[in-house]
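1. build the 3D model from these lines:
(chains A, B, C and D, ligands or ions: 2)
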Amino acid sequence: MSYFDRISSAPVLPEVQNLMNDLLKLDGLNPHSPSRAGSRAKEYLETAREQIAGLISASPGEIIMVSTGTESVNLGLTGLAKSAVRSKPGRKIIVSAIEHISVIKTARALEKDGFSVITIPVDDKGRCDKKAYMEALDKDVLLVSIQLANPEIGTVQDLQFFANAAHENNTIFHTDAIAAAGWIHVDVNKLGVDALSLSGTQFGGPPGAAGLFVRKGVSLMPLFYGGIQERHRRPGMENIPAIAGFGLAAEHAAKTIEKRSERAFRQAEVLRGKLSQIAEVHFTGDAINRIPGHVSIIIRYVEGEALLLMLDMKNIQAASGSSCTAKDLKISPVLTAIGSQHADAQGSLVFSTSEHTNMKDIDHIAEELPQIVARLREMSPLWKQQKL
Amino acid sequence: MSYFDRISSAPVLPEVQNLMNDLLKLDGLNPHSPSRAGSRAKEYLETAREQIAGLISASPGEIIMVSTGTESVNLGLTGLAKSAVRSKPGRKIIVSAIEHISVIKTARALEKDGFSVITIPVDDKGRCDKKAYMEALDKDVLLVSIQLANPEIGTVQDLQFFANAAHENNTIFHTDAIAAAGWIHVDVNKLGVDALSLSGTQFGGPPGAAGLFVRKGVSLMPLFYGGIQERHRRPGMENIPAIAGFGLAAEHAAKTIEKRSERAFRQAEVLRGKLSQIAEVHFTGDAINRIPGHVSIIIRYVEGEALLLMLDMKNIQAASGSSCTAKDLKISPVLTAIGSQHADAQGSLVFSTSEHTNMKDIDHIAEELPQIVARLREMSPLWKQQKL
Amino acid sequence: MYSEKVMEHFSNPQNVGELENPDGVGEVGNPTCGDMMVFHIRVNQDTQVIEDIRYKTFGCGAAIAVSSMVSEMAKGKTVQEALSITNEMVADHLDGLPPQKMHCSNLGADALHAAINNYLSKKNQK
Amino acid sequence: MYSEKVMEHFSNPQNVGELENPDGVGEVGNPTCGDMMVFHIRVNQDTQVIEDIRYKTFGCGAAIAVSSMVSEMAKGKTVQEALSITNEMVADHLDGLPPQKMHCSNLGADALHAAINNYLSKKNQK
Ligand SMILES: Cc1ncc(COP(=O)(O)O)c(C=O)c1O
Ligand SMILES: Cc1ncc(COP(=O)(O)O)c(C=O)c1O
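-> Ligands and ions are numbered 1, 2, ... in the order given. Prediction:
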């Protein structure tokens, strides 16, 4: 299987599998028990916190463990907004037009709670409009959430600019770094963000563990209530095996980031070169500032799901649009935001390489995809109209 | 190790470990991908849903997958209350005085959102006061949440009574069955509940997966927002290995419930007999209507954590009070609610047997605990005062 | 997510193509919605039997499988018989479709009916 | 959750007990809060050195370890020297205590001081 969908679920690293397998065998992994097993559980938890903090240059105490990227984003946005509103005037929240559905929908829910949401447009490469941002950023803006990188089109934002401006305005800044963390250097201090969402599933961690960085001193309401876990900010039994796996994957990611991203960058270059030979293929996103190993295209006159199914028959796993939204919305709002025509946006494909991708996998796509496209276009009433 | 703390984390069943280990090796387990790997993921997800529904006689479509018991309880209470208030007058919520901290704190948070919470007292055995309940249950009560069984004192409530009365009053009924499901027969139709929380960690499932039953037709607001997972009611990437493990554990629990609970019942009887030989030991909870394999005691003049540490040195793992609250509150609100004196409540111990407990483990406690108690009492200034 | 039947028709769609001078043409959907089908039929003027049927489809796996299944179901039937084919029948013949595909991609019978109606209206005009 | 030092003192607490006719008695905490300690000291009237020290403690692992550590630290010191022992010093000697235990269970120095003050006030009354 040639696996090109790390964004929706990268293979779990073998060493992470082994660690989790060992931990699932242990009894009594409750970090709040005074027993020796409890101490061990606490050690796994705190080691993971250090490893995750290490990946983004944060302190361990600034990392909150949650279950998914979506939960991290929700806790970040809702937790920060509902907390900030208690001590500051203003109820505006700024997000970009190409945020992940979890950000978009959380912002929409906050509107029902009395916040007002301003959406900053992006250009045809998916770059957030700086002028519109500066105009929107007034004293009533409590919170900004702009993603670090987009999982559908790969564009990486100039986050330092947006975060600095927010700080000069005394506004809290959250970023969804889920598609980027582990693949591009993330330093919360250099970026200047107050909160950041990341997920281990993007770099070989297991499902069931993700994280939210919240800078020391920034207050946060929880999403839900219960025991003392995560210092009341995320109550509920800790998933120690998954958290430990997340930590190990973060450590591995930090150690190998140069090598992996360089390799991924080159693989993507080669793949892009080969795909550009298919007629009427359009590359989406920013050509330069993008996630390593991320290739996103629109293939006109064919539809994405049909492409995925045919690729799957050839043992190639890719994605079309954001995997979570695929069945929700016929058209990706991200592609709409960068100005794609609706009909074209149907034919979107996203290839994201993982650490296990090799050149054979790239060749495999380069060989199969043109035939698949030809076959589907042969069937497509639009292709014929086009040729006329 | 003699393991007597299934309530805070029972050993994961070997077959569940194996299944999870296999699934962690698979790539592309995204149930929303049209690929074959995606179909397989969807199959694991839906099989688990059937298995979990099977354990509580629900339909698969009525089960929502969440990450922890705490999340299930929060989604149940907040989701039902915030949804019901949109179509019904009244803003009262009834809970019992001995609910788990996750119920108590969620109810407290709902008070900040304009709901008012009525707490029903319990008697010295932890039985909810029926008269007080019937008096409180007026037309303004939107939602009731009364637990099926208490993890600290083992008492099982007469839930049918409470649920029926709620229904006659046109009030939605949620129950926290986390300490009971898998060990006593739970049939959502016989109980007559609209929503029920359960967690696989109590019967050999892995951490990272729990469930909320919500009866078909009962509407529920989500706790957070994002993709289409769990039909929008619990968005975020599904933890397929943990969910599949939860499902398998539920199936195992359903198949073996008679045998296991009978055995646990007998073991608890024997343990109780042995512990009753220690001076000034008080058994808490209802002697008859209780969770199989659950023994809860108060040992006067000594403190619970010290007991746990000494037991741990003898390779016995037990619990004192609710594990999640242990460090939060010096005194368990449950013990306060049943009328224990504060000083006495310090010396609480909970033993809960799992499927792997055998008579040797029971003998082991019966041998070690009296010596430990003697040692700590010898050190205790209270014990001496008592003897004078 | 799809039945084996759907995957069979998707990977090996029957009767793809166009007819020269078709007796009826039907088009439903549009690319903006994600699915579009154009059906061509050739009808025996004496027997009113659909002797040949071809289509081109832009769309997801379900849309392609549905097109193929409808073409098979209609071929050899009279136009009156073919008019009684419904989208639900097509889904049944495919051993079901995922719920979210039932309404948006299951347009095959509509496209067929459009082609038949086109044929019938041309015939009436003569 | 506890350091090795804490566990050492908890599993092998030194100087547990009472003295007959102690020169000073100090009691702090109460069982309702979860921790209670009663210290007895015997003081050499000439040198003012604490020659013997005993305690009884009701409480968690930290409370027991703290009692044991304080008794070791105070033994052989003059009462004046012993008065300068603080709860923080005790925690340091135990290689630290979990944060939530710092305030509620770390009462050993207070109990020792109470015993010394009891001794001093009795002495002054003579
Ligand atoms: C009755 C009850 N409710 C809720 C919970 C919370 O579940 P979790 O620890 O999985 O978050 C527990 C945990 O022990 C419990 O016993
Ligand atoms: C940028 C971004 N944000 C948020 C999410 C949601 O994370 P999860 O799927 O872990 O809930 C994703 C998932 O792919 C993502 O790519």
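2. what does chain A put close to chain C?
-> A:301-306, A:309-310, A:313, A:327, A:330-331, A:342-343, A:346, A:378-382, A:384 (C-beta under 8 Å from any C-beta of the partner chain). (Each C-beta comes from the backbone N, C-alpha and C, glycine too.)
3. what about ligand 2: which of the residues you listed touch it?
-> The overlap between the residues of chain A next to chain C and the neighbourhood of ligand 2 (criterion: C-beta under 6 Å from any ligand atom) is empty.
4. what's around residue 96, how many residues?
-> Going with chain A. The burial count assigned to A:Ser96 is 27, neighbours taken as other C-beta atoms under 10 Å in any protein chain shown.
5. right idea, wrong chain: chain C
-> C:Gly96 is surrounded by 14 other residues when neighbours are defined as other C-beta under 10 Å.
6. same question, A:Glu367
-> 12.
7. name the element it belongs to?
-> Per DSSP states H and E: A:Glu367 is located in helix A:359-379.
8. ok, C:Asn44 - contacts?
-> Under the criterion of C-beta atoms under 8 Å, 6 or more residues apart in numbering or on different chains, the contact partners of C:Asn44 comprise C:Ile50, C:Glu51.
9. list the contacts of C:Asp23.
-> The neighbourhood of C:Asp23, defined by C-beta under 8 Å, 6+ apart, consists of C:Ile41, C:Arg42, C:Val43, C:Tyr119, C:Lys122.
10. show the backbone phi and psi for it.
-> Its backbone dihedrals place C:Asp23 at phi -80, psi -30, with angles given as degrees, to the nearest 10.
11. kindly report the same for A:Phe351.
-> Taking degrees, to the nearest 10, you get phi -110, psi 130 for the backbone angles of A:Phe351.
12. so it is in contact with A:Leu271, correct?
-> Yes - checked against C-beta atoms under 8 Å, the pair A:Phe351 and A:Leu271 is within contact range at 6.3 Å.
13. neighbour count for these two, which is higher?
-> Each of A:Phe351 and A:Leu271 had its neighbours counted (other C-beta under 10 Å), and the higher figure belongs to A:Phe351 (30 against 25).
14. so which residue of chain C comes closest to chain D?
-> Here chain C gets closest to chain D at one residue, C:Met1, 47.3 Å apart by C-beta to the nearest C-beta.
15. check contacts around residue 16.
-> Chain wasn't specified; assuming chain A. By C-beta under 8 Å, 6+ apart, the contact list for A:Val16 reads A:Gly204, A:Gly205, A:Pro206, A:Gly245, A:Leu248, A:Ala249, A:His252, B:Leu24.
16. that's the other chain; I wanted chain C
-> Applying C-beta under 8 Å, 6+ apart, we find C:Val16 in contact with A:Glu378, A:Met379, C:Arg54, C:Tyr55, C:Lys56, C:Thr57, C:Ser68.
17. overlap of the contact sets of A:Phe351 and A:Leu271?
-> A:Val295, A:Ile365.
18. of the contacts of C:Val16, which belong to helices?
-> Among the contacts of C:Val16, the members falling in helices (DSSP state H) are A:Glu378, A:Met379, C:Ser68.
19. whichever of those end up buried, select them in ChimeraX.
-> Per 16 or more other C-beta atoms under 10 Å in any protein chain shown, the buried members of the ones in helices among the contacts of C:Val16 correspond to this ChimeraX selection:
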select /A:379 /C:68
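20. check which residues of the helix or strand of chain C with the lowest mean pLDDT are buried.
-> Taking all helices and strands of chain C together, the one with the lowest average confidence (mean pLDDT, DSSP states H and E) is helix C:99-102, at a mean of 85. Taking 16+ other C-beta under 10 Å as the basis for neighbour counts, the residues of helix C:99-102 that come out buried are C:Lys101.
21. one step back: touching chain B at all, the helix holding A:Glu367?
-> No - residues of helix A:359-379 are not located near chain B by C-beta under 8 Å from any C-beta, the shortest gap being 12.2 Å.
22. all strands for chain C, in order.
-> In chain C, the strands defined using DSSP state E lie at C:24-30, C:35-43, C:50-58.
23. whoops, I mixed them up, the stretch 51-200 of chain A
-> For the stretch 51-200 of chain A, applying DSSP state E, counting those that start in this stretch gives strands covering A:63-66, A:92-96, A:116-120, A:141-145, A:172-176, A:195-199.
24. just the C-alphas of the shortest one, formatted as CSV.
-> What follows is strand A:63-66, C-alpha atoms only, in CSV (Å, rounded to 0.1, in the frame of the first residue of the first chain):
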residue,chain,number,x,y,z
ILE,A,63,0.6,21.4,27.9
ILE,A,64,-3.0,20.1,28.4
MET,A,65,-3.7,16.6,27.2
VAL,A,66,-6.9,16.0,25.3
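25. number of nearby residues for the closest residue to A:Glu71 other than its chain neighbours?
-> Nearest residue to A:Glu71 in three dimensions, chain neighbours excluded: B:Gly236, at 5.6 Å (C-beta to C-beta, 6 or more residues apart in numbering or on different chains). Using other C-beta under 10 Å, the number of residues around B:Gly236 comes to 27.
26. rewinding a little: the helix holding A:Glu367 vs strand C:50-58, what angle?
-> Regarding helix A:359-379 and strand C:50-58, their directions subtend 130 degrees when assessed with axes from the mean of the first three to the mean of the last three C-alpha atoms, to 10 degrees.
27. can you list the buried residues in helix A:359-379?
-> Of the residues in helix A:359-379, those with enough neighbours to count as buried (16+ other C-beta under 10 Å) are A:361-362, A:364-366, A:368-370, A:372-373, A:376-377, A:379.
28. quick one: it to chain centroid distance?
-> Between the centre of helix A:359-379 and the centre of its host chain there is 27 Å, according to C-alpha atoms, centre = their mean, to the nearest Å.
29. show residues contacting that helix.
-> Counting by C-beta under 8 Å, 6+ apart, the neighbours of helix A:359-379 from elsewhere in the structure are A:2-4, A:267, A:270-271, A:274-275, A:277-278, A:299, A:301-303, A:306-307, A:310-311, A:314-316, A:318, A:351, A:353, A:383, C:13, C:16, C:56-58, C:64.
30. if any of those residues are buried, put those into a PyMOL selection.
-> Selecting only the buried entries of the contacts of helix A:359-379 in PyMOL, with 16+ other C-beta under 10 Å as the criterion:
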select buried, (chain A and resi 2+3+4+267+271+274+275+278+299+301+302+303+306+307+310+311+316+318+351+353+383) or (chain C and resi 13+16+56+57+58+64)
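31. okay, buried residues for stretch A:244-252 please.
-> Within stretch A:244-252, the residues that qualify as buried by neighbour count (16+ other C-beta under 10 Å) are A:Ala244, A:Gly245, A:Phe246, A:Gly247, A:Leu248, A:Ala249, A:Ala250, A:Glu251, A:His252.
32. name the nearest of the contacts of C:Asp23 relative to ligand 1.
-> Using C-beta to the nearest ligand atom, C:Ile41 comes nearest to ligand 1 of the contacts of C:Asp23, at 60.7 Å.
33. beta partners for the closest one?
-> In this entry, C:Ile41 is beta-bridged to C:Gly24, C:Ile53, by DSSP bridges.
34. burial check on it, number of neighbours?
-> As a burial measure, the neighbour count of C:Ile41 was computed by other C-beta under 10 Å and equals 26.
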